[in-house]
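In: Build me a model from this:
(one chain, ligands or ions: 2)
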Amino acid sequence: ETDRVPSGSRRRISVVAHRGASEDAPEHTLAAYRRAIEDGADALECDVRLTADGHLVCVHDRRVNRTSNGRGAVSALELADLAALDFGSWKGWGDTRESPDTESREHTSVLTLERLLRLVEEQASAGRRVELAVETKHPTRWAGQVEEELLRVLARHDPAIPVRVMSFSARSLHRVRAAAPWLPTVYLMQFLLPRHRDGRLPPGVPVAGPSIRILRAHPEYVALAHSMGHQVHVWTVDDPADVELCALLGVDAIITNRPRHVLAQLEGL
Ligand code: G3P
Ligand code: CA
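Out: Numbers count the residues shown, from 1 in each chain. Ligands and ions are numbered 1, 2, ... in the order given. Here you go, the predicted structure:
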């Protein structure tokens with residue numbers, strides 16, 4: 001009886017679309033984020049990197065080689081170089097960048113953080129609340145400039161948009177907190193290192209972001225983090241057995257490539 005998932009678990013767990021609904025659409029494209037919103041995701045996750053000319057774009061890898069038809073490091077390319085690339089064909093999507101329709105055109109183009117924030121704002125004005133979880137990627141040649149630009153971009157948008165900043169880098173989160181203490185931060189952890197085992201996070205960070213691998217090996221971590229007053233946002237949870245484990249442990253958010261399936265599973269619990 002003790003391993004029964006409490007009924008109503010679904011509403012307590014936020015479902016975060018990892019790089020958008022990236023199982024169905026090319027990751028980090030507007031198409032993937034629109035799909036995630038249609039699927040009912042509570043929040044959108046995106047990784048941000050700074051281009052050579054100082055724009056924040058949503059790209060996971062240091063280089064564009066895997067997810068586009070181009071080559072090279074994001075930090076060495078300008079936004080115009082990235083805009084010339086096709087970010088859809090690698091996933092089997094035709095290149096829509098020549099389409100006469102603006103919306104389709106954007107579907108295989110590089111996505112800027114600005115555009116993603118506009119999407120979230122458009123949703124808010126239509127009465128649909130969507131949160132944004134922005135991950136700063138480190139190491140990068142631009143170091144602290146990533147956080148500076150992130151805060152500049154956010155300052156140009158509606159402050160009511162619920163944004164949190166995630167990072168594996170405690171230094172990155174510290175920079176954000178120092179300049180914008182009102183922004184919630186999430187400390188990502190790939191492994192449970194000795195310094196994490198007492199449940200403490202870097203000073204001022206409210207949310208723990210363990211990998212699902214950590215929870216499989218240390219399920220007690222969720223209760224420990226909760227006892228320290230932290231929320232727990234787990235990544236990247238695609239396997240139904242892992243969704244079940246997260247529900248059982250009472251995590252606060254599940255970050256997944258397949259929000260539609262995770263929502264359906266949680267609804268059924
Ligand atoms: O949401 C956290 C997760 O995205 C971290 O891993 O490599 O997918 O950015 P990664
Ligand atoms: Ca990420």
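
In: mind listing what the residue in the stretch 151-269 of the chain that ligand 1 sits nearest to touches?
Out: Of all residues in the stretch 151-269 of the chain, Trp235 sits closest to ligand 1, at 3.8 Å by Cβ to the nearest ligand atom. The way it works is simple: take the backbone N, C-alpha and C, and place the C-beta from them, glycine included. For Trp235, the contact set (Cβ atoms under 8 Å, 6 or more residues apart in numbering) comprises His18, Glu45, Leu188, Gly209, Ser211, Ile212, Ile255.

In: Among these, name the ones in helices.
Out: Those of those mapping onto helices are Ile212, per DSSP state H.

In: closest to Pro159 among the contacts of Trp235?
Out: Glu45 (20.4 Å; Cβ to Cβ).

In: now the strands: where do they sit in the chain?
Out: Taking DSSP state E as the test, the strands found in the chain are 14-18, 43-50, 56-58, 131-136, 163-167, 185-189, 207-210, 231-234, 253-256.

In: returning to that earlier point: TSV please, covering the contacts of Trp235 and showing neighbour count and distance to Ala52.
Out: Output for the contacts of Trp235, formatted as TSV (neighbours: other Cβ atoms under 10 Å; distance: Cβ to Cβ, whole Å):
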residue	neighbour count	distance to Ala52
His18	30	27
Glu45	30	25
Leu188	19	26
Gly209	27	29
Ser211	18	31
Ile212	22	35
Ile255	29	29
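
In: Report how many residues lie close to Gly94.
Out: When neighbours are counted by other Cβ atoms under 10 Å, Gly94 registers 12.

In: Distance of it relative to Val237?
Out: As judged by Cβ to Cβ, to the nearest Å, Gly94 and Val237 stand 30 Å apart.

In: beta partners of the residue nearest the centre of the chain?
Out: Geometric centre of the chain, nearest residue: Glu45, 1.8 Å, by Cα atoms, centre = their mean. According to DSSP bridges, the partner residues bridging Glu45 are His18, Ala133.
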